[in-house]
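J.: With the input below, show me the fold.
(chains A and B)
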Amino acid sequence: MNNKKYGEYGGQYVAESLMNTLKELEKAYREAIKDPEFIKEYEYYLKDYVGRETPLYLAQKLSEKYGTKIYLKREDLNHTGAHKINNVIGQILLAKRMGKKKVIAETGAGQHGVATATGAALFGMECTVYMGEEDMARQALNVFRMEMLGARVECVKTGSRTLKDATNEAIRTWAKNAEDTFYIIGSAVGPHPYPEMVKQFQRVISEETKRQILEKEGRLPDCVIACVGGGSNSIGMFAEFIDEKDVELIGVEAAGCGIGTGKHASAFSVGQAGVLHGMRSYLLQDEDGNVQIAHSISAGLDYPGVGPEHAYLHDSGRAHYVSITDDEAMEALRELCMAEGIIPAIESAHALAYAFKKAASMTPEQIMIVNLSGRGDKDVHTIADYFKDRGYK
Amino acid sequence: MENRIEKRMRELQQTGEKAFITYMTAGLPDMEGTKELIRAEAEAGIDVIELGIPFSDPTADGPVIQDASYRSICKGTNLKKVFDAVEEVRRDCQVPIVYMMYYNTILHYGVGAFVEKCAAVGVDGLIIPDLPKEEQQELSDALARVENAPILIQLVAPVSADRIPMILENARGFVYCVSSMGVTGQAADFHKNVRAYLENVKAASKIPVMMGFGIRTADDVAGFMDTIDGCIVGTHFIELMEDSDYNLETAKEYVRNFKEGLAKAAEIGYANIKR
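T.: Numbering: from 1, shown residues only, chains lettered A, B, ... in the order given. Below is the predicted model:
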């Protein structure tokens, strides 16, 4: 017996009571993506509801300053403010097709929760979102948005009271109610087929990007850069470029207060594999094998693991993974605001901060594409608090 | 050496007795307390002791066991200390011991080293709720390489259906029949089709069938005596221990009463069948 894996990563490390559920899900998913009607409906909602395609924008001032062509893929312009909605539309259409009436989701920053609540409102489904108590305090605005959209936000008070624990609680609820409930996972994590499914529904990011850059430049980029928490926007941005060996793929994790301080969210920095949330992948853990609490100023990157395909791309050397500290990300965020008039999500600012570093080794003719996965509206309180403490106005 | 679980199951079958198994999170109220509790329960006639190795993210457990795991970790419990405790208990106590743990704890320790250590200190079985049959190869291979290695106990769920024969093939010790959907500790809220499900498992199983999840008293399972060979109490046993401040007499009394209750229920069950 061999389960679908990415090298030694991935798999289905879940309770026996979920195994038939996963098999049903995989079967339904495989049928759906081969059904032209399903794809047509998915594309319809992405275009007329989400507002795709999103622009590929040449950031001219940044390009001049850093001496290389910097393009931004504007996922921040999607309905609900981030790439998360792409995947939610795909999964909720699948839930509808499977006859499920209820959906559940976990959320950290609240973007996936808002996207799921939005999709549930659109398709008339009952929606419960699990969110850590700590995150609910950090992202109060998104809690309110979810409630406005008719979702119930379940406060998770166990463990670190963040995304990791919200996911645990969603898995527990799912195990109990799988017979009528669909679990919409927001990142490229979880048991098979979730990582593959999330990639499929986020692939649109790189499909558009590839077409757009060929139109604008007549060639492929030298590198694409995206932030990595669980890894959904990055796997979506990498998908169409994985087989294009001349395109460098760079994932940017959160180094928090610095890798050396132990207060970070970089699963690759420690280099240890483990099992959490139904998958085997790189995982931050303490000396006893308990999962370590991640830290990042950005709630969306605050996750101790990483999607299994990223683990595979890391080990095979096809993609490179680096990390950016809270301070570096916030500086890049400010620069994008001032130079281009775009307030990015703090998550996306991590990708941008590394792009600025990377630019030093690139020429003016070379091209880099940064995935601007979300907008910063949700982060304004965090941004204000951060800069206030440092004497910025 | 015959595996202690298999030996006990064989003895029970010979006398027609039902098995009783309790779950306790290791390290509560402390490691000394865990050792004392094992000895006390053994004295009272417990058939198997399930010892929970606390983990930070116990996704198969309800609030009571989550909380117990959390408190135990805060007290410094880890796998190494539990191994030490079992090793010490084994000097004077041969009650079958099963570890209930999550797979990450084993991976972190090292699969091969873990299996050897289990065999060396006398751990008889493993229950790993996040390791379904499809993911067991790595561990099964390691278990096969070591003499006196513990048995990997197989779990089945109310929705396992067509998976049951595949899961039970080569299963040893006993089969753990999860009686409700979801997590541990939902009081006697058994799955709606629990009887048909248990009968299905019993028919397919060559080894004893144990029912677990949501059981408090022998009465809760009295109606299933014709299909099960015993049962497992976890959450309720932890609550009982917490409420009595880990009183060993309370534990012994609970075990004795439960065993008597099972014996009575079994007798009535047999009488009904004869009639």
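
J.: and stretch A:152-165 with chain B, contact?
T.: Yes: under the criterion of C-beta under 8 Å from any C-beta of the partner chain, chain B is reached by stretch A:152-165 at A:158, A:159, A:164, A:165. Any C-beta I mention is one placed from the backbone N, CA and C, and that applies to glycine too.

J.: Contact partners for residue 246?
T.: Unless you meant another one, I'm taking chain A. The contact partners of residue A:246, by C-beta atoms under 8 Å, 6 or more residues apart in numbering or on different chains, come to A:220, A:222.

J.: please go with chain B instead
T.: B:28, B:29, B:33, B:37.

J.: Return stretch A:161-172 as PDB; C-alpha atoms alone will do.
T.: Provided in PDB are the C-alpha atoms of stretch A:161-172 (Å, rounded to 0.1, in the frame of the first residue of the first chain):
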ATOM      1  CA  ARG A 161      -4.900  29.700  20.600                       C
ATOM      2  CA  THR A 162      -3.700  30.400  17.000                       C
ATOM      3  CA  LEU A 163      -4.100  28.800  13.600                       C
ATOM      4  CA  LYS A 164      -2.500  25.500  14.600                       C
ATOM      5  CA  ASP A 165      -5.100  25.000  17.300                       C
ATOM      6  CA  ALA A 166      -8.000  26.300  15.200                       C
ATOM      7  CA  THR A 167      -7.000  23.600  12.600                       C
ATOM      8  CA  ASN A 168      -7.000  20.900  15.400                       C
ATOM      9  CA  GLU A 169     -10.500  21.900  16.400                       C
ATOM     10  CA  ALA A 170     -11.700  22.000  12.800                       C
ATOM     11  CA  ILE A 171     -10.300  18.500  12.300                       C
ATOM     12  CA  ARG A 172     -12.100  17.300  15.400                       C
END
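
J.: before we move on, back to that, right, and out of the residues of stretch A:152-165 next to chain B, which lies closest to residue B:240?
T.: Closest approach to residue B:240 among the residues of stretch A:152-165 next to chain B (C-beta to C-beta): residue A:158, at 22.5 Å.

J.: least trustworthy helix or strand in chain A by mean pLDDT?
T.: When each helix and strand of chain A is scored by mean pLDDT, DSSP states H and E, helix A:133-138 comes last, with a mean of 87.

J.: what sits up against that one?
T.: Under the contact criterion C-beta under 8 Å, 6+ apart, helix A:133-138 has outside partners A:107-110, A:143, A:153, A:155-157, A:160-163, A:166, A:299, A:382.

J.: still on that earlier bit, need the max-distance pair from the residues of stretch A:152-165 next to chain B.
T.: Using C-beta to C-beta, the residues of stretch A:152-165 next to chain B span at most 9.8 Å, a distance reached by A:158 and A:164.

J.: Between those two, which has more neighbouring residues?
T.: A direct count of neighbours by other C-beta atoms under 10 Å in any protein chain shown for residue A:158 and residue A:164 places residue A:164 higher, at 27 against 19.

J.: How many residues are close by residue A:313?
T.: Residue A:313: 24 surrounding residues under other C-beta under 10 Å.

J.: same thing with residue A:41?
T.: A total of 16 residues lie near residue A:41 under the criterion other C-beta under 10 Å.

J.: again with residue B:111
T.: Residues within reach of residue B:111, counting by other C-beta under 10 Å, total 16.

J.: Specify the strand with the largest residue count in the chain.
T.: Using chain A. The longest strand of chain A (DSSP state E) is strand A:248-256.

J.: Chain B, not that one
T.: Using DSSP E, we find that the single longest strand of chain B is strand B:19-25.

J.: Tell me the helix or strand right after it.
T.: Next along the chain after strand B:19-25, taking DSSP states H and E as the criterion, comes helix B:31-44.

J.: Give me the helices and strands touching that next one, please.
T.: If you count contacts as 3 or more C-beta pairs under 8 Å, 6 or more residues apart in numbering or on different chains; DSSP states H and E, helix B:31-44 packs onto strand B:19-25, strand B:48-52, helix B:79-89, helix B:248-274.

J.: Contacts for stretch A:119-127 next, please.
T.: Residues contacting stretch A:119-127 (C-beta under 8 Å, 6+ apart): A:45, A:49, A:85, A:88-89, A:92-93, A:95-96, A:100-105, A:116-117, A:149-152, A:184.

J.: Could I have the PyMOL command that selects the buried members from those?
T.: Applying 16 or more other C-beta atoms under 10 Å in any protein chain shown to the contacts of stretch A:119-127 leaves a buried subset, and the PyMOL line that selects it is:
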select buried, chain A and resi 45+85+88+89+92+93+95+96+100+102+103+104+105+116+117+149+151+184
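
J.: among the contacts of stretch A:119-127, which are in strands?
T.: Using DSSP E, the members of the contacts of stretch A:119-127 that fall within strands are A:102, A:103, A:104, A:105, A:152.

J.: thinking again about what came up before, look over the residues of stretch A:152-165 next to chain B and name the one with the lowest pLDDT score.
T.: Lowest pLDDT of the residues of stretch A:152-165 next to chain B: residue A:159, 80.

J.: excluding its backbone neighbours, what's nearest that residue?
T.: Take residue A:159 and drop its neighbours on the chain: the residue closest to it by C-beta to C-beta, 6 or more residues apart in numbering or on different chains is residue A:165, 4.0 Å away.

J.: show me the contacts for that neighbour.
T.: Shown in contact with residue A:165 (C-beta under 8 Å, 6+ apart): A:132, A:156, A:158, A:159, B:57.
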